[in-house]
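Visitor: Take this sequence and fold it.
(4 chains)
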There are 2 protein chains.
Amino acid sequence: MDAHKKYTNECEAPAICKACEARHGGICATLTATQLVELNKHSNRRKVEAGNEVIGQGENVGAYSNILKGVVKLSKMMADGRQQIVGLQFAPDFLGRPFLSESSISAEAATETEICSFPRPIIERLVGESADLERKLHSQSLKELDEARDWMLTLGRKTAQEKVASFLYLIATHIDPERTSGNSSTFDLPLSRADIADFLGLTIETVSRQMTKLRKEGTIVIENNRHVIVPDTRRLRHAAGND
Amino acid sequence: MDAHKKYTNECEAPAICKACEARHGGICATLTATQLVELNKHSNRRKVEAGNEVIGQGENVGAYSNILKGVVKLSKMMADGRQQIVGLQFAPDFLGRPFLSESSISAEAATETEICSFPRPIIERLVGESADLERKLHSQSLKELDEARDWMLTLGRKTAQEKVASFLYLIATHIDPERTSGNSSTFDLPLSRADIADFLGLTIETVSRQMTKLRKEGTIVIENNRHVIVPDTRRLRHAAGND
DNA sequence: CGAAGGGTTGAAGTCAGTCAAATAATGTGG
DNA sequence: CCACATTATTTGACTGACTTCAACCCTTCG
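Guide: A predicted model of the protein is given here:
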């Protein structure tokens, strides 16, 4: 069987990659079929439950990954336990540098997540071969930098009300909307109130109060704590102080 | 004269570059002599006074620059005027993407500054030619990302006291120290109280009060408002909540 | 000398934090 | 499927850190 696999130079992409959700979104989009085959030999696709660290044990320490499904939170912690979420990564983002020695960032699945990870050395070799790949990684870094700086404005200068609205607006615009028609949007929050507080530099109580306020104003509708309906995203955007 | 300039392939670096402070620190370090000559034809070296935007008027809009001397602040502003400084760049950093359409960031000289700027198209062509250059730009982006995330923790989770100490510690470790021996450090603040407040997400009054407090505790000594002496940087680091 | 800008200090107000308790959602064993 | 235990979220009363508003000080510069 597999009679068509005799050539190695211009081979086809592995079947598993062809069916991959991130095939055209993640870093894999920049690779040739040959490189995909190579990468695929060492890749490891797996599920990560909400609340678990994305850093693989043993062999996978220091790996790079594609997020195929779910939301990953990147956070920093102070010696005394105070915590700050410094970034959220949505599928099909690439999860790279973070859990490298560098800065003390931890990556944890916020929701049930699926990732495809690759050993660091392989990626680094491919980066040397492919300018497109380096470009892709570079541009993701720049995107993350822009997002981080946007969030600095939120953390430093917005009120609690605006912070919570900013968060909801961020989610509304980044999550695969369960339903989006024109100006309205519906989704499940990927983060608990505690996580939201850590993302906004607030306490859970304040987050809760501001959500209640937004609900009573009619800016949002909440069902079962996690499910949110935004009837008018422009109104939410305005509440976030974005204009 | 200039008899030795007959070859064009393996020419020497331009004299002005050889004498340049950033020759080995900025992006220029990754370029070949030939590329330097090319780049030099279009480069524009100039001084920028404190308080002026670094964006060149007219021809230079959308340029990339090397910072040769001084400190540049990157800031974002909300519609109602609230402002947040999202990054400081010290010589010999590269000042790149910021004043590109993208995110509404403005770059302004905090102190008297000297920059060497290049038209965007030239840089972009060189990036295509030199993987080293792309790598260099990429790694600066990652550095800025790390710094931004560190600062998010400061903005979101630290007290006013810790924020001010964090700022002083940042300056103490980034500025060419006028005098550094062992654990002590002496320097001039590159930012006014108003700028410091915008960097820390505080008001000038709070910044002033916390500086006074740190002074009375003996953690720092202040002379003429701008001149600061840190007798023991470990103590300052501790006041910043970094351990 | 007087005006102007940057910085400090004080008094009063407010927004978000803290502490505590109630309520809702989720899970577990019988 | 129910009673119970456990956790997540909301709500309330109170406190406190930081802001706001206002006056004052100090240096600089015309």
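
Visitor: What are the phi and psi values at the residue nearest the centre of chain A?
Guide: Geometric centre of chain A, nearest residue: A:Gln89, 1.3 Å, by Cα atoms, centre = their mean. Backbone torsions for A:Gln89, taken as degrees, to the nearest 10, come to phi -120, psi 130.

Visitor: Skipping its backbone neighbours, what lies nearest it in space?
Guide: A:Val72 (4.5 Å; Cβ to Cβ, 6 or more residues apart in numbering or on different chains). All C-beta spots, glycine's among them, are computed from the backbone N, C-alpha and C.

Visitor: So what touches whichever helix or strand that neighbour is part of?
Guide: Using DSSP states H and E, A:Val72 maps to strand A:71-77. Strand A:71-77 is contacted from outside by A:54, A:83-91, A:93, A:95, A:98, A:103-111, A:113, A:115, A:175, A:190-191, A:195, A:198-199, B:149-150, B:152-153, using Cβ atoms under 8 Å, 6 or more residues apart in numbering or on different chains.

Visitor: In helices, which of those residues appear?
Guide: Among the contacts of strand A:71-77, the members falling in helices (DSSP state H) are A:Asp195, A:Asp198, A:Phe199, B:Arg149, B:Asp150, B:Met152, B:Leu153.

Visitor: how close does the second one get to A:Val48?
Guide: Same thing as A:Asp198. According to Cβ to Cβ, to the nearest Å, A:Asp198 and A:Val48 sit 19 Å apart.

Visitor: Give me the below-cutoff pLDDT ranges for chain A.
Guide: Scanning chain A for pLDDT under 70 picks out the ranges A:1-10, A:56-61, A:98-103, A:177-179.

Visitor: and it, what are its domains?
Guide: Domain ranges of chain A: A:3-154, A:158-239, per automatic domain parsing.

Visitor: and of those domains, who's closest to B:Ile122?
Guide: Nearest to B:Ile122, of all the domains of chain A, is domain A:3-154, at 18.0 Å by Cβ to Cβ.

Visitor: follow-up on the earlier one: pretty sure the residue nearest to the centre of chain A sits against A:Asn66.
Guide: No: assessed by Cβ atoms under 8 Å, A:Gln89 is found out of contact with A:Asn66, at 10.3 Å.

Visitor: Quickly list what's touching both of the two.
Guide: Taking Cβ under 8 Å, 6+ apart as the criterion, A:Gln89 and A:Asn66 both touch A:Leu95.

Visitor: Which strand residues bridge the residue nearest to A:Gln89?
Guide: Beta bridges link A:Val72 to A:Gln89, A:Ala109, judged by DSSP bridges.

Visitor: That one: neighbour count?
Guide: The number of residues packed near A:Val72 is 25, by other Cβ atoms under 10 Å in any protein chain shown.

Visitor: Helices of chain A, residue ranges please.
Guide: With helices called from DSSP H, chain A shows them at A:15-18, A:33-42, A:120-129, A:131-157, A:160-174, A:193-200, A:204-217, A:233-239.

Visitor: List only buried entries from the contacts of strand A:71-77.
Guide: Taking 16 or more other Cβ atoms under 10 Å in any protein chain shown as the criterion, what is buried in the contacts of strand A:71-77 is A:54, A:83-91, A:93, A:95, A:98, A:103, A:105, A:107-111, A:113, A:115, A:175, A:190-191, A:195, A:198-199, B:149-150, B:152-153.

Visitor: Name all residues that make contact with A:Pro92.
Guide: By Cβ under 8 Å, 6+ apart, the contact set of A:Pro92 is A:Glu21, A:Ala22, A:Gly25, A:Gly26, A:Asn66, A:Ile67, A:Leu68.

Visitor: Pipe those into JSON lines and attach neighbour count and distance to A:Arg237 per row.
Guide: Output for the contacts of A:Pro92, formatted as JSON lines (neighbours: other Cβ atoms under 10 Å in any protein chain shown; distance: Cβ to Cβ, whole Å):
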{"residue": "A:Glu21", "neighbour count": "15", "distance to A:Arg237": "29"}
{"residue": "A:Ala22", "neighbour count": "21", "distance to A:Arg237": "29"}
{"residue": "A:Gly25", "neighbour count": "16", "distance to A:Arg237": "25"}
{"residue": "A:Gly26", "neighbour count": "23", "distance to A:Arg237": "29"}
{"residue": "A:Asn66", "neighbour count": "25", "distance to A:Arg237": "30"}
{"residue": "A:Ile67", "neighbour count": "27", "distance to A:Arg237": "26"}
{"residue": "A:Leu68", "neighbour count": "20", "distance to A:Arg237": "29"}
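
Visitor: which of the residues you listed lies closest to A:Val207?
Guide: A:Ile67 (25.0 Å).

Visitor: mind listing what the closest one touches?
Guide: The contact partners of A:Ile67, by Cβ under 8 Å, 6+ apart, come to A:Ala22, A:Gly26, A:Gln89, A:Phe90, A:Ala91, A:Pro92, A:Asp93, A:Phe94, A:Leu95, A:Thr113, A:Glu114, A:Ile115.

Visitor: From what I see, the first one and A:Phe90 are in contact.
Guide: What that stands for is A:Ala22. No: judged on Cβ under 8 Å, A:Ala22 makes no contact with A:Phe90 at a distance of 11.5 Å.

Visitor: these two touch, right, A:Ser65 and A:Glu114?
Guide: No: checked against Cβ under 8 Å, the pair A:Ser65 and A:Glu114 is beyond contact range at 10.0 Å.

Visitor: Of those two, which one has the most company?
Guide: Neighbour count, other Cβ under 10 Å: between A:Ser65 and A:Glu114, A:Ser65 has more, with 31 against 17.

Visitor: Bridged to that one, which residues?
Guide: With beta bridges defined as DSSP bridges, A:Ser65 has these partners: A:Leu95, A:Ser117.

Visitor: how about the residues of chain A near chain B?
Guide: Contact residues (Cβ under 8 Å from any Cβ of the partner chain) of chain A with chain B: A:74, A:76, A:78-80, A:82-84, A:86-87, A:97, A:102-103, A:105, A:131, A:134-135, A:137-138, A:141-142, A:144-146, A:148-153, A:155-158, A:200-201, A:241, A:243.

Visitor: mind redoing it with 7 Å?
Guide: A:76, A:78-79, A:82, A:84, A:86-87, A:97, A:102-103, A:105, A:131, A:134-135, A:137-138, A:141-142, A:144-146, A:148-153, A:155-157, A:201, A:241, A:243 (Cβ under 7 Å from any Cβ of the partner chain).

Visitor: Name the residues of chain A found near DNA strand C, please.
Guide: For chain A, the residues in contact with DNA strand C (Cβ under 7 Å from any atom of the strand) are A:Thr159, A:Ala160, A:Gln161, A:Gly201, A:Leu202, A:Thr203, A:Glu205, A:Thr206, A:Asn224, A:Asn225, A:Arg226.

Visitor: Stretch A:159-175: how far from the chain's middle?
Guide: 15 Å (Cα atoms, centre = their mean, to the nearest Å).

Visitor: Would you mind extracting the C-alpha trace of it into PDB?
Guide: Below are the C-alpha coordinates for stretch A:159-175, written out as PDB (Å, rounded to 0.1, in the frame of the first residue of the first chain):
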ATOM      1  CA  THR A 159     -11.800  52.600  35.600                       C
ATOM      2  CA  ALA A 160     -13.100  49.200  36.900                       C
ATOM      3  CA  GLN A 161     -16.200  49.700  34.700                       C
ATOM      4  CA  GLU A 162     -14.200  50.300  31.600                       C
ATOM      5  CA  LYS A 163     -11.800  47.500  32.400                       C
ATOM      6  CA  VAL A 164     -14.600  44.900  32.600                       C
ATOM      7  CA  ALA A 165     -16.200  46.200  29.400                       C
ATOM      8  CA  SER A 166     -12.900  46.100  27.700                       C
ATOM      9  CA  PHE A 167     -12.500  42.500  28.700                       C
ATOM     10  CA  LEU A 168     -15.900  41.500  27.400                       C
ATOM     11  CA  TYR A 169     -15.200  43.400  24.200                       C
ATOM     12  CA  LEU A 170     -11.900  41.600  23.800                       C
ATOM     13  CA  ILE A 171     -13.600  38.300  24.100                       C
ATOM     14  CA  ALA A 172     -16.500  39.200  21.900                       C
ATOM     15  CA  THR A 173     -14.000  40.100  19.100                       C
ATOM     16  CA  HIS A 174     -11.600  37.200  19.600                       C
ATOM     17  CA  ILE A 175     -13.700  34.100  20.300                       C
END
